[in-house]
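>>> here is my input, please return the structure:
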Amino acid sequence: MGGGAQALSLLEGENESITARISATAEYANLLGLPENDKNSVGPPKIVSVLGSVLEKTMKKNEKQRGFSVSADVTVFNGSRAPSMSVGQYVDRIFRYSNCSPACFVVAYIYLDRFVSRTGALLTSLNVHRLLITSIVLAAKFLDDGCYNNGYYAKVGGISNSELNKLEMKFLTALQFRLHVSVDTFISYCALLEKPERLVNPPRVRNSGFRKYLAKILIVQ
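Got it, this is the predicted structure:
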């Protein structure tokens, strides 16, 4: 069992591991490349490309609908200009150098959804890279048994250590320091990410409403 699976299972207070729970929904788990004991996989797990694609499409839709301007105010998350590296390339870079478990990328997406829901922020080309590296760093610290310090993650993300520290604190404050992710929520987001064509923006429904939404999209093949 992977370290990330063990950490989440312990925090959830359940005896069975997240890997065992995911096996019940093997179809999308395998497509996302999440089973950490899958030794036949070659290259990055599918979740890496799926996450990059979902964020890229969400970002472009937001910019098109909301009259995006490159002169938007510079904030801790909004840069003065968009990075030259695409979101997909950025996710791939983070995967290659961060040594994060595949599950971290699902949890990072959950954190991004929470951040957007709580702050009303829109993902754009000016903020998506900073939000992404911040959410993945937090996911790694929450989920994986071993992780690097912020100085290393900052180099991976192409920002300074002090900047990452500020981003991390702002992100945590927005989430009210609530990083816990239940196993059911994790599996639900796996199902959503396995069908990225149905994700225009991150889902903002929760509890019974979220489960009804999930059941609806899984019925439609």
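
>>> mind listing the helices for the chain?
Taking DSSP state H, the helices of the chain run over residues 3-12, 18-23, 26-32, 46-65, 87-98, 102-119, 128-143, 150-157, 161-174, 183-194, 207-219.

>>> for the ones you listed, which one sits closest to residue 76?
helix 161-174 (5.3 Å; CB to CB). Just so you know, the C-beta spots here come from the backbone N, C-alpha and C atoms, and that holds for glycine as well.

>>> ok, back up a step: can I get the helices of the chain in TSV with distance to residue 76 and mean neighbour count?
Listed next are the helices of the chain as TSV, based on distance: least, CB to CB, whole Å; neighbours: other CB atoms under 10 Å:
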stretch	distance to residue 76	mean neighbour count
helix 3-12	28	19
helix 18-23	32	19
helix 26-32	31	17
helix 46-65	18	19
helix 87-98	18	19
helix 102-119	12	22
helix 128-143	8	24
helix 150-157	14	19
helix 161-174	5	17
helix 183-194	26	20
helix 207-219	29	12
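
>>> could these go into a markdown table alongside distance to residue 78 and mean pLDDT?
Formatted as a markdown table, these follow (distance: least, CB to CB, whole Å; pLDDT from 0 to 100):
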| stretch | distance to residue 78 | mean pLDDT |
| --- | --- | --- |
| helix 3-12 | 30 | 46 |
| helix 18-23 | 34 | 50 |
| helix 26-32 | 30 | 59 |
| helix 46-65 | 13 | 90 |
| helix 87-98 | 15 | 96 |
| helix 102-119 | 12 | 93 |
| helix 128-143 | 8 | 95 |
| helix 150-157 | 15 | 96 |
| helix 161-174 | 11 | 95 |
| helix 183-194 | 26 | 85 |
| helix 207-219 | 29 | 43 |
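
>>> between the two ends of stretch 33-46, how far is it?
Its start and end residues considered, stretch 33-46 measures 5 Å (CA to CA, to the nearest Å).

>>> in a markdown table: the helices of the chain, plus distance to residue 79.
Compiled in a markdown table, the helices of the chain are given as follows (distance: least, CB to CB, whole Å):
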| stretch | distance to residue 79 |
| --- | --- |
| helix 3-12 | 30 |
| helix 18-23 | 35 |
| helix 26-32 | 30 |
| helix 46-65 | 13 |
| helix 87-98 | 13 |
| helix 102-119 | 17 |
| helix 128-143 | 7 |
| helix 150-157 | 12 |
| helix 161-174 | 10 |
| helix 183-194 | 26 |
| helix 207-219 | 32 |
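
>>> among these, which is nearest residue 80?
Of the helices of the chain, nearest to residue 80 by CB to CB is helix 128-143, at 12.1 Å.

>>> okay, the angle between the closest one and helix 46-65?
140 degrees (axes from the mean of the first three to the mean of the last three CA atoms, to 10 degrees).

>>> quick check: angle from helix 128-143 to helix 87-98?
Counting by the same axes, to 10 degrees, helix 128-143 lies at 40 degrees to helix 87-98.

>>> and helix 128-143, what does it pack against?
Judged by 3 or more CB pairs under 8 Å, 6 or more residues apart in numbering; DSSP states H and E, helix 128-143 is in contact with helix 3-12, helix 46-65, helix 87-98, helix 102-119, helix 150-157, helix 161-174.

>>> and the ones you listed as JSON lines, adding distance to residue 130?
Listed next are the helices and strands packed on helix 128-143 as JSON lines, based on distance: least, CB to CB, whole Å:
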{"stretch": "helix 3-12", "distance to residue 130": "23"}
{"stretch": "helix 46-65", "distance to residue 130": "12"}
{"stretch": "helix 87-98", "distance to residue 130": "10"}
{"stretch": "helix 102-119", "distance to residue 130": "11"}
{"stretch": "helix 150-157", "distance to residue 130": "8"}
{"stretch": "helix 161-174", "distance to residue 130": "6"}
